[in-house]
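Enquirer: what's the 3D shape of this:
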Amino acid sequence: MEMIAIDRDFTVVRNSAVHGKGVFAKKTIPKGTRIFEYGGERVLKSNLAKDLVDGLTSLVYVMNLNETYAVDGERGGNDARFINHSCDPNCEVLYFNNTPYIYAMKEIQEGEELNFDYKYGSEGDVEVTDEQKREWFPCNCGAENCRGTLLSN
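Expert: Purely as a prediction, here's the structure:
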């Protein structure tokens, strides 16, 4: 039996002061609410570099799923791909059956921008300074506790 998602009409996409487009609450969203799935094509992470070269993706809307797969919101994605990063987020990503969903961590007021901590990590043995993190992956969230970078480590 196929499940049909119910659109509860919680959000709207519009220009964001944080970066590009953002997702905003059309009405109050209660804490703990599953807002929507992070939609997109499931892709092999090992193919992403080739997909970038071939023009299939810009890698901007890719979310990690596991060691092998990611979700590319640029390909068949939904409005969730426009959720911006914040160092003091009001949403979080929870995974069920290898599917990422966006949940409200706290009550989100009408007009408030939705955001979550991207938790980007640096990989490998290369040492990256805090200054390089801020230069290469700058954060514009404006939170009081802003790290200045999208990287979490």
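Enquirer: contacts and neighbour counts: CA atoms only from here.
Expert: Fine.
Enquirer: now stretch 14-22: mean pLDDT?
Expert: Model confidence over stretch 14-22, given as mean pLDDT, is 93.
Enquirer: give me the buried positions along it.
Expert: 18, 21-22 (16 or more other CA atoms under 10 Å).
Enquirer: what does it contact?
Expert: Stretch 14-22 has contacts (CA atoms under 8 Å, 6 or more residues apart in numbering) with 13, 23-24, 82-84, 113-114, 140-142.
Enquirer: what about burial for those, which qualify?
Expert: Among the contacts of stretch 14-22, those scoring as buried are 13, 23-24, 82-84, 113-114, 140-141 (criterion: 16+ other CA under 10 Å).
Enquirer: can you add distance to residue 127 and secondary structure and give those residues back as JSON lines?
Expert: Output for the buried ones among the contacts of stretch 14-22, formatted as JSON lines (distance: CA to CA, whole Å; DSSP: H, G, I helix; E, B strand; the rest coil):
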{"residue": "13", "distance to residue 127": "37", "secondary structure": "strand"}
{"residue": "23", "distance to residue 127": "34", "secondary structure": "strand"}
{"residue": "24", "distance to residue 127": "37", "secondary structure": "strand"}
{"residue": "82", "distance to residue 127": "30", "secondary structure": "helix"}
{"residue": "83", "distance to residue 127": "29", "secondary structure": "coil"}
{"residue": "84", "distance to residue 127": "26", "secondary structure": "strand"}
{"residue": "113", "distance to residue 127": "34", "secondary structure": "strand"}
{"residue": "114", "distance to residue 127": "32", "secondary structure": "coil"}
{"residue": "140", "distance to residue 127": "23", "secondary structure": "coil"}
{"residue": "141", "distance to residue 127": "25", "secondary structure": "coil"}
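Enquirer: I'm done for today, thanks for sticking with me.
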